[in-house]
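> Curious how this folds, go ahead:
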Amino acid sequence: MEWGTPALVFLATTLAVGGACLGFLKKRYHNTHHHLLIFAVVGSVGFLAVKQIDKSSQTLTDGLMQSWMGVTRTYAHALERSTDAIAEMDAAAIRKVIQRTRSTVGQAVTVRTVTLVTKNAEGKVKKITLGLIREGDRPMIKAGCEDKILKAFSGGEHWCEDRGRAGIAVGLLAVVPLRDKMDAVQGVLVMEFVPSVWNTAREREQWRVVGEFSGLLVICLCLGGFLVVTSEARRQRELEKAIEPLMKDIESLDGMVNSVQGVVWERPAGSGGFTYLSQNADGYLGYGVERWGDEGGFLEKVIHSEDRGRVVECWKLAVKNLEKYHIEYRVVKPDGMTAFVNEYGQAAKLMLDGRVLRGILLDITAQRENEASAQGMHKMMIEASRQAGMAEIATGVLHNVGNVLNSLNVGAKLLAERLKKSRMDKLCQATVLLKEHLPDDPDFFTNDKRGQALPGYLVDLAAYLRDEQNRLDATVSDMIERIEHIRDMIMLQQSHSTVRTLWEPLDMATVMEEALRLEMDVHIAHQQVHVERHFADLPPIYAARGLLLQILVNLLANACQAMEDLPASQRKLTLRILPQGDDKVRISVEDTGCGIHPRHLTSIFTQGFTTKTDGHGFGLHHACLLAQDLGGVLQAESEGLGKGACFILEIPARKDAESGLHNVSDSAIRPATASTVSP
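Modelled structure (predicted):
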């Protein structure tokens, strides 16, 4: 389908008229249920017009083609009658025949050029062209027309069209074979017609169709408008009839609405002007009823500037989705004070007037003031609780001291047992023998068996006592370290009052190994726990060693206690030290024990909460407080009961005790090493 200027003009006019009608309907009736009718009318007329324009113009051009092919046949018959040897005709002879025929036919303006095409005995093509309007005109013969000219030597007639943009003809050729008396084709006559005549006739026909359909469009729009007006009038009458029995109910409801301790209102969507207000609006929030009812956009104007955007967006969303909403915001009163209001509303779609918002405004300023007062009392209670937190911290310290004292008690018992088994009395016996026989009885060392064995015995005894001394020294050193740990915890208790915690550069792996050693005799070795280490190669960070040790000892003790009911082969403790971003260190203690119920993952850090039959709920709570003192956080993860648990401690990676965070590089993690500790 070719879209000419008339078709495009008609379509543009149709769209403009249709858009104007749709806009008028929407503005007049505030709805779009008539748009389908207008769309159908305009669309149908536009579609039929374009189809008819194309069909009419094609019919006209087919008629012109038949007429001009007949003219070409007339010239061809004239040439055939003029001579028996058409191939021998020259330009002068052809012109003479053409002029004689043209005076008879009267097609001087229509025909532009005439071309006689012949072939010699060797098949070589010969062309003779005459310009009938201008002497030097040449025919516009395209490649497709050349093929049709050659096919015409077989006896067929052809029509060639060369069209440009929007179907405008550029070249029009009629090809007719020339025959002799024996009906043999001697040549081909090619006549080129003036395209402007063709194009003008075609465009006139299109404009004629456009005029007809423009009238049809006006008639359809008038009929559609009449139907719309009639339909709306009928709907209006039906609505009034349906509303009439409801008016009495509205009057009774009006009294009920006015008894509400708030402002009941209604207003069109997108407008701040109220179409209905309850009697309580007069003087509500300090504004007279004239401002509520007469001033457009009044409510939006008095909303606090910080809340206005949020409230308007809530209104728009409710109108769009036709849903209920509840929003609380602040209103500026005439005296400059701020009032708090609750707005409960709902968007609705009306039959005639589009969409509206209905709702109620409640002044909750007094309620908010009471809540603020209660919040102040709550802050006072929190401060009192903080003051009482010293006893809570002391309880946590005593819990940790108790853990260390258990291992200290084990070491003390081990030291007592080793002292009881000491061979110091044998050394005393040997010294008595030496005192009795040296130097008065030298033969005792050469002839007496006891004297001969005495030097070797002294050597063995010395080696045994040296080993025993080393073992006792190690035990005493361990006891001293545990006593120092108790001292650090006591100093931590003092730090909450006057003493400041000592911050020092610490290697996290070393601190973890110290915590493992503190728990070795109490839990790890006794339970044959399999320990797996994943420690990243991190630079030292500044932290409080005593605080960090207490947290790690608590976590290790809890992990071992969670696995005490498992077989020894299933007791696995996984320790990880990894960088967390650029400014934190992540320490995790993961066990394969009894696990944690999902609802207990946060409450386990509450003071007094415990799932153990003999627990007291101080350890993890105190560890959480210590993590906060380090500037970090302690959290727990577990997939559920029987699936183990993982406690994660994240602390800042400080480069010194006073400055900001240290950039922790994502260093390569050392391969995991595992060790199984046996008693």
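
> and the longest helix for this protein?
helix 195-258 (DSSP state H).

> quick one: the helices in the stretch 501-650 of the chain?
Per DSSP state H, counting those that start in this stretch, the stretch 501-650 of the chain carries helices over the ranges 508-519, 525-527, 545-562, 619-629.

> out of the ones you listed, nearest to residue 318?
helix 619-629 (43.6 Å; C-beta to C-beta). Every residue, glycine included, has its C-beta placed from N, CA and C.

> need the helix or strand of the protein with the lowest average pLDDT.
strand 673-676 (a mean of 37; mean pLDDT, DSSP states H and E).

> quick one: residue 260 is in a helix?
No: Residue 260: not assigned to a helix; according to DSSP: H, G, I helix; E, B strand; the rest coil it is coil.

> count of neighbours near it?
For residue 260, the neighbour count with other C-beta atoms under 10 Å is 13.

> how far off helix 195-258 does the strand or helix carrying residue 69 point, in degrees?
Element membership of residue 69 [criterion: DSSP states H and E] is helix 35-82. Counting by axes from the mean of the first three to the mean of the last three C-alpha atoms, to 10 degrees, helix 35-82 points 180 degrees away from the direction of helix 195-258.

> what's downstream of helix 35-82, the next helix or strand?
Immediately after helix 35-82, counting by DSSP H and E, sits helix 91-105.

> Could you check the angle that next one makes with helix 35-82?
120 degrees.

> ok so residue 150 is a strand residue?
No: read with three-state DSSP, residue 150 is helix and lies in no strand.

> from now on call the first residue 4
In the new count, where the first residue is 4, that last one comes out as residue 153.

> Which pLDDT value belongs to it?
Confidence at residue 153, expressed as pLDDT, is 85.

> How about it, nearest residue that isn't a chain neighbour?
Nearest residue to residue 153 in three dimensions, chain neighbours excluded: residue 128, at 7.9 Å (C-beta to C-beta, 6 or more residues apart in numbering).

> Would you check that that neighbour makes contact with residue 119?
No: in terms of C-beta atoms under 8 Å, residue 128 does not count as a neighbour of residue 119; the distance is 11.0 Å.

> neighbour-wise, which of those two wins?
Neighbours per residue (other C-beta under 10 Å) separate residue 128 from residue 119, with residue 119 holding more: 26 against 14.

> dump the residue contacts of that one.
82, 89, 92, 97, 130, 131, 181, 190, 191, 192, 193 (C-beta atoms under 8 Å, 6 or more residues apart in numbering).

> just curious, which of these is nearest to residue 166?
residue 193 (18.3 Å).

> separation between the closest one and residue 143?
11 Å (C-beta to C-beta, to the nearest Å).

> shared neighbours of these two, which are they?
residue 176.

> And residue 393, what's its pLDDT?
Reported pLDDT for residue 393: 48.

> so the residue nearest to residue 153 bridges to which residues?
Going by DSSP bridges, residue 128 is paired in beta bridges with residue 122.

> Report the contact partners of it.
Contacts of residue 128 by C-beta under 8 Å, 6+ apart are 120, 121, 122, 153.

> Kindly indicate which of the residues you listed lies nearest residue 340.
residue 153 (100.4 Å).

> I'd like to know how many residues surround the closest one.
14.

> One more: the one 3 residues further on?
Residue crowding around residue 156 was assessed by other C-beta under 10 Å; the count is 18.

> Looks like it contacts residue 122 (just checking).
Yes: with contact defined as C-beta under 8 Å, residue 156 counts as touching residue 122 (6.8 Å).

> Now do the shared contacts for those two.
Joint contacts of residue 156 and residue 122 (C-beta under 8 Å, 6+ apart) do not exist.

> check contacts around the closest residue in space to residue 64 that isn't next to it in sequence.
Using C-beta to C-beta, 6+ apart and skipping the chain neighbours, the partner closest in space to residue 64 is residue 205 (5.7 Å). The contact partners of residue 205, by C-beta under 8 Å, 6+ apart, come to 7, 60, 63, 64, 170, 172.

> Repeat the analysis, applying 10 Å as the threshold.
Counting by C-beta atoms under 10 Å, 6 or more residues apart in numbering, residue 205 makes contact with 5, 7, 9, 59, 60, 61, 63, 64, 67, 170, 171, 172.

> Low-confidence ranges, the stretch 54-203 of the chain, go.
In the predicted model, the stretch 54-203 of the chain carries pLDDT under 70 at residues 109-112, 146, 169.

> redo that, cut-off 80
56-57, 87-88, 90, 105-112, 124-126, 136-140, 142-147, 167-170 (pLDDT under 80).

> does the residue lying closest to residue 511 once chain neighbours are set aside have beta-bridge partners, and which?
Distance criterion C-beta to C-beta, 6+ apart; nearest residue to residue 511, sequence neighbours excluded, is residue 580 at 4.8 Å. Legend: beta-bridge partners of residue 580 under DSSP bridges are residue 538, residue 590.

> Which of the helices of the stretch 504-653 of the chain comes out lowest on mean pLDDT?
helix 528-530 (a mean of 66).

> Please, which helix or strand holds residue 304?
helix 301-305.

> burial of residue 637, as a residue count?
Per other C-beta under 10 Å, the neighbour tally for residue 637 reads 22.

> Please look at it and residue 626 and confirm they touch.
Yes: Residue 637 is within contact range of residue 626, at 6.0 Å (criterion: C-beta atoms under 10 Å).

> Residues that sit against both of these two, list them.
Counting by C-beta under 10 Å, 6+ apart, the residues touching both residue 637 and residue 626 are 554, 557, 558, 608, 650, 652.

> could you measure the first one against residue 628, distance?
Look at residue 554 and residue 628: by C-beta to C-beta, they are 10 Å apart.

> Need the residues touching each of these two.
With C-beta under 10 Å, 6+ apart as the test, residue 554 and residue 628 both reach residue 637.

> Give the residue from the two that has the larger number of neighbours.
residue 554 (30 against 19).

> Excluding residues flanking it in the chain, which one is nearest the more buried one?
Counting by C-beta to C-beta, 6+ apart, the residue nearest residue 554 is residue 626, at 4.7 Å.

> export the helix holding residue 304 as CSV, just CAs?
In CSV, the C-alpha atoms belonging to helix 301-305 read as follows (Å, rounded to 0.1, in the frame of the first residue of the first chain):
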residue,chain,number,x,y,z
PHE,A,301,-5.7,23.6,52.5
LEU,A,302,-4.7,20.3,54.1
GLU,A,303,-1.5,20.0,52.0
LYS,A,304,-0.5,23.5,52.9
VAL,A,305,-0.6,23.1,56.6
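
> what helices or strands is it leaning on?
Here helix 301-305 touches strand 266-271, helix 292-297, helix 308-324, strand 327-335, strand 341-352, going by 3 or more C-beta pairs under 10 Å, 6 or more residues apart in numbering; DSSP states H and E.

> can you pull the buried residues of it?
301, 302, 305 (16 or more other C-beta atoms under 10 Å).

> did I read that right, residue 138 in a helix?
No: according to three-state DSSP, residue 138 belongs to no helix; its state is coil.

> Look up how far residue 173 lies from it.
Separation of residue 138 from residue 173 (C-beta to C-beta) stands at 22 Å.

> Which one of the two is surrounded by more residues?
residue 173 (13 against 7).

> pretty sure that one is touching residue 197, no?
No: the criterion here is C-beta under 10 Å, and residue 173 misses it with residue 197 at 11.4 Å.

> what is the rounded mean pLDDT of stretch 205-218?
Rounded mean pLDDT across stretch 205-218 is 83.

> Just the CA atoms of it, as PDB, please.
These are the backbone C-alpha positions of stretch 205-218, laid out as PDB (Å, rounded to 0.1, in the frame of the first residue of the first chain):
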ATOM      1  CA  ARG A 205      -4.100   9.800  -9.700                       C
ATOM      2  CA  GLU A 206      -3.800  12.600  -7.100                       C
ATOM      3  CA  ARG A 207      -7.200  14.100  -8.100                       C
ATOM      4  CA  GLU A 208      -8.800  10.800  -7.600                       C
ATOM      5  CA  GLN A 209      -7.300  10.400  -4.100                       C
ATOM      6  CA  TRP A 210      -8.400  13.900  -3.100                       C
ATOM      7  CA  ARG A 211     -11.900  13.100  -4.300                       C
ATOM      8  CA  VAL A 212     -12.000  10.000  -2.100                       C
ATOM      9  CA  VAL A 213     -10.600  12.000   0.800                       C
ATOM     10  CA  GLY A 214     -13.400  14.500   0.500                       C
ATOM     11  CA  GLU A 215     -16.000  11.700   0.500                       C
ATOM     12  CA  PHE A 216     -14.600  10.100   3.600                       C
ATOM     13  CA  SER A 217     -14.200  13.400   5.400                       C
ATOM     14  CA  GLY A 218     -17.900  13.900   5.100                       C
END
